[in-house]
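Sequence isn't available, so here's the structure alone:
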């Protein structure tokens, strides 16, 4: 058992008291504010505020979703200079109050840095959801085109032929160690950007032997501000409302995809992700549970060693609690028992581990300058704190560069070993004092490994039994975007005693990035008994949640199988040449295609099986929709009944839900308690969707009356506690909502007896799960938690009194419907992730909107 500090693992309850006690002394250095959760990542996992993101942010993100621009094939030499055009001066940039570089000051600063010599290059890696440029700075010794091509060839060899790379004298002598410093992914954690700019300037001009040696043998990549939208606005999230440090598995946002592209192209051996604010400075590696798909012995070896160097450098700055309000640095693996884990691959360092990074760290600088502190502290105190934070971040970066210079050979050798194990199918090496010498306190609580299957088979989705073709294509393209190798069968083949159809996709798990493939496709596991609580999500399986059929194959040989590598999924788009057309509505792409047709005025009817019937006369419009959304319109003889209309949705929902609704091309207007109190015109709305930020009790009398009148004529789709509370307050559906453990989350087994869940996967996602009892007359169960233990993967414990656990939810209603109302106790749109569940919400919106319009017209 490793030693622990006096700070408890999850000290949420004691912190408000501590802050209140120190309230009158806020300006004293000894009481400088720290993160309210010293050993947990900041930011509520479940957002209870209504999203307000502009539609333009979603349009940018969705338009850029298919972009595959890469610098991997760019073999120009270094430096690669470009003159950046200036951004308009923005006096409202929140950085200015802290005495930091505002976003509009970054481009001029980078232009000036490029002029200092021949070591600094600047490229634009993409644009944010808000349209701001994302700057990638490379610092290295000059390279000719020939030398740059040699670096690319060696990098490719390391991943694609690791056994050969391990023996290469050229790599040992000449390969430059890639290092990636990621700053400001949370927009209101500013100082990593300023520290990086200072380090870049020093590296650009320093002539000492250590610097020259570092740059001759390394390429240093700086993502100067990963979240310019948030930097400007002083928000954690980007312009789309997304926490980018939770988006790596889904990659819904352009900033996340840009960071992913940088990692794939540069293949960093070492990564720093600069954050704030935890006092003392928190430096990973983490507490358990540790991701079971990592080569964790190699990861822990280097991450812990570099953490020690960063700790020493930060403490050597001389800041003290009494003089400066700065506590000594801490390393969670050594100093905590739980509360700061690296289980999910949604965080930057944890995601990087699957691309060969063997030393990866979140670094949380110490003194809070955001949120309440930003609003309440004097400018002089804020600037003092920011100066301290900038120095701490700079010390962490410089210590890391020293580590890279001294440990280059070992870092690259172990990156090669990560890829070699994957390519050869070698077993993982459990961590122990023997396998990772020099790291204190390793115990059985740190051992997490998995059994990799021999392969995964993803059928093409051409039959009902295989679910939808768009889902299979989307999943394959997502795997490829994450650098997972995928092949496709040119004819039927047998594997492990089963015959698979032609067109099936196969993921051979003997590949360099097997961990990446498995962490996306595998079920995951129930870790409820491993730790008392998790900070963020504990289950995320794309194989269960994205709507495609995914079949793990435990053993067998792929030798002789008719498989060809693919670089993109086969197109699904097709339109039957004759007759009326049928469109399945099981996938968000199909929902978007339907809404696009309705938006263009095409008459579409609902079929008895829940699909959509498009008349033969609209074949041209169907062809456009098929190509745009990559969906199939098949010939049908079904007769459509109910005419459909594109619902106009008023939505008090989370940012992920708002984005998902726009992804499905619904006509959405964000609302909230404040919007309704300001006077909302309900005449342009067909259905209200509520999951966050709308409290009927806080409405003014006129706003409450208008809401009640709307609900009396139309209807409600509600999710979670907020949706259920509005249902109860308005007296709509006679049910009793029961709240599960508010920390519980993961992938759960369900049954789907209702029409709204027709064709839905038999698994869904929950966070703070809810279920419904006391079902009154007219209430229909659309979805229920499976009997037994419904949790497949994740973390779901009962509360201390025994309530709220998975056993209490087993067999209970998870989704219910009735008179113009549908209530979800699950999270079918969570952070835009569980794509296979989206259609449930879409059907609910169509059903409720239609029932209201029929009654109104009648």
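Perfect, thanks for sending it. Quick caveat: nothing in here was measured; it's all calculated off a predicted structure.

now do the same end-to-end measure for stretch 547-560.
Stretch 547-560 stretches 30 Å from its first residue to its last (Cα to Cα, to the nearest Å).

Over to stretch 461-476?
The stretch stretch 461-476 measures 12 Å between its terminal residues, going by Cα to Cα.

any idea of the mean pLDDT in it?
Averaging pLDDT along stretch 461-476 gives 79.

and if you look at stretch 399-409?
With pLDDT averaged residue by residue, stretch 399-409 scores 98.

buried stuff in that stretch?
Judged by neighbour count (16 or more other Cβ atoms under 10 Å), stretch 399-409 contains these buried residues: 399-405, 407-408. Heads up, the C-betas are built off the backbone N, CA and C, glycines and all.

Same check on stretch 605-619?
For stretch 605-619, a neighbour-count test (16+ other Cβ under 10 Å) marks 605-607, 610-615, 618-619 as buried.

Not counting its own residues, what contacts that stretch?
Contacts made with stretch 605-619 from outside it, assessed by Cβ atoms under 8 Å, 6 or more residues apart in numbering, are listed as 575, 578-585, 594, 597, 602-604, 621-622, 633, 636, 638-644, 755, 758-759, 843, 846.

Among those residues, the buried ones, what's the ChimeraX command?
Of the contacts of stretch 605-619, the buried ones can be selected in ChimeraX as follows, counting by 16+ other Cβ under 10 Å:
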select :575,580,581,582,583,584,585,594,597,602,604,621,622,633,636,640,644,758,759,843,846
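
For the spatially most central residue of the chain, which non-adjacent residue is closest in space?
With the centre of the chain defined as its mean C-alpha position, the nearest residue by Cα atoms, centre = their mean is residue 247, 1.5 Å away. Sequence neighbours aside, residue 256 is the residue nearest to residue 247 in space, at 4.2 Å (criterion: Cβ to Cβ, 6 or more residues apart in numbering).

separation between the one you found and residue 301?
Summarising the geometry, the distance separating residue 256 from residue 301, computed by Cβ to Cβ, to the nearest Å, is 28 Å.

Tell me which of those two has more neighbours.
With other Cβ atoms under 10 Å as the criterion, residue 256 and residue 301 differ in neighbour count, and residue 256 comes out ahead with 27 against 23.

And what about residue 601, helix, strand or coil?
coil (DSSP: H, G, I helix; E, B strand; the rest coil).

I'd guessed residue 525 sits against residue 793; true?
Yes: counting by Cβ atoms under 8 Å, residue 793 is a contact partner of residue 525 at 5.3 Å.

ok, back up a step: ok, the residue nearest to the centre of the chain to residue 53 distance?
From residue 247 over to residue 53 the distance is 14 Å, taken as Cβ to Cβ.

With residue 206 instead?
Taken as Cβ to Cβ, the spacing of residue 206 relative to residue 53 amounts to 43 Å.

who has more neighbours, those two?
Between residue 206 and residue 53, residue 53 has the larger neighbour count (other Cβ under 10 Å), namely 21 against 14.

Spit out the contact partners of that one.
With contacts defined as Cβ under 8 Å, 6+ apart, the neighbours of residue 53 are 129, 239-241, 655, 658-659, 670.

same question, residue 594
583, 585, 604, 612, 644.

Quick check: closest non-adjacent residue to residue 627.
Closest residue to residue 627 apart from its sequence neighbours, by Cβ to Cβ, 6+ apart: residue 573 at 5.1 Å.

what's the neighbour count on the one you found?
The criterion is other Cβ under 10 Å. On that basis, residue 573 has 19 neighbouring residues.

Go ahead and confirm it touches residue 622.
No: under the contact definition of Cβ under 8 Å, residue 573 does not touch residue 622, with a separation of 10.2 Å.

what do the two both touch?
Going by Cβ under 8 Å, 6+ apart, no residue sits against residue 573 while also sitting against residue 622.

Let me know how buried residue 687 is, in neighbour terms.
The tally of other residues near residue 687 (other Cβ under 10 Å) stands at 27.

Now do the closest residue to it other than its chain neighbours against residue 690, distance only.
In this structure, residue 687 finds its nearest non-sequential neighbour in residue 849, 4.1 Å apart by Cβ to Cβ, 6+ apart. With the distance defined as Cβ to Cβ, residue 849 ends up 14 Å from residue 690.

And for residue 498?
Here the criterion is Cβ to Cβ. By it, residue 498 lies 45 Å from residue 690.

More neighbours: which of the two?
A side-by-side neighbour count of residue 498 and residue 690, using other Cβ under 10 Å, places residue 690 first with 27 against 11.

wait, isn't the more buried one in contact with residue 716?
Yes: judged on Cβ under 8 Å, residue 690 makes contact with residue 716 at a distance of 6.6 Å.

Common neighbours of those two, please.
Between them, residue 690 and residue 716 share the neighbouring residues 723, 726, with contact defined by Cβ under 8 Å, 6+ apart.

The buried residues of stretch 399-409 into a markdown table, with extra columns for distance to residue 676 and secondary structure?
Rendered in a markdown table, the data for the buried residues of stretch 399-409 read as follows (distance: Cβ to Cβ, whole Å; DSSP: H, G, I helix; E, B strand; the rest coil):
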| residue | distance to residue 676 | secondary structure |
| --- | --- | --- |
| 399 | 52 | helix |
| 400 | 50 | helix |
| 401 | 53 | helix |
| 402 | 57 | helix |
| 403 | 55 | helix |
| 404 | 55 | helix |
| 405 | 59 | helix |
| 407 | 59 | helix |
| 408 | 60 | helix |
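
How about residue 212: what's its closest non-neighbour residue?
The spatial neighbour of residue 212 that comes closest, neighbours along the chain excluded (Cβ to Cβ, 6+ apart), is residue 141 at 7.5 Å.

now the residue nearest to residue 833 when sequence neighbours are not counted, what's its secondary structure?
Nearest residue to residue 833 in three dimensions, chain neighbours excluded: residue 250, at 4.6 Å (Cβ to Cβ, 6+ apart). When classified by three-state DSSP, residue 250 comes out as coil.

Compute the number of surrounding residues for residue 250.
A count of neighbours around residue 250, defined by other Cβ under 10 Å, yields 21.

how near is it to residue 65?
The span separating residue 250 from residue 65 equals 11 Å under the rule Cβ to Cβ.

Same question for residue 812.
36 Å.

okay, the two: which has more neighbours?
Each of residue 812 and residue 65 had its neighbours counted (other Cβ under 10 Å), and the higher figure belongs to residue 812 (20 against 15).

Who are the contact partners of the more buried one?
Shown here is residue 812, whose contacts under the criterion Cβ under 8 Å, 6+ apart are 738, 771-773, 784-785.

now do 6 Å
771, 785 (Cβ atoms under 6 Å, 6 or more residues apart in numbering).

just residue 439 next, same as before
Contacts of residue 439 were listed using Cβ under 6 Å, 6+ apart, and they are 300, 304.

ok, now residue 694?
652, 672-673.

which phi and psi does the residue lying closest to it once chain neighbours are set aside have?
Nearest residue to residue 694, sequence neighbours excluded (Cβ to Cβ, 6+ apart): residue 652, at 3.7 Å. The phi/psi pair for residue 652 (degrees, to the nearest 10) reads phi -100, psi 90.

And the pLDDT at residue 652?
Taken from the predicted model, the pLDDT recorded for residue 652 is 98.

distance of it from residue 196?
As it turns out, when the distance is counted by Cβ to Cβ, residue 652 lies 38 Å from residue 196.

now swap in residue 60 and tell me
Look at residue 60 and residue 196: by Cβ to Cβ, they are 25 Å apart.

now do residue 428
Shown here: residue 428 relative to residue 196, a distance of 34 Å by Cβ to Cβ.

Lovely, talk soon.
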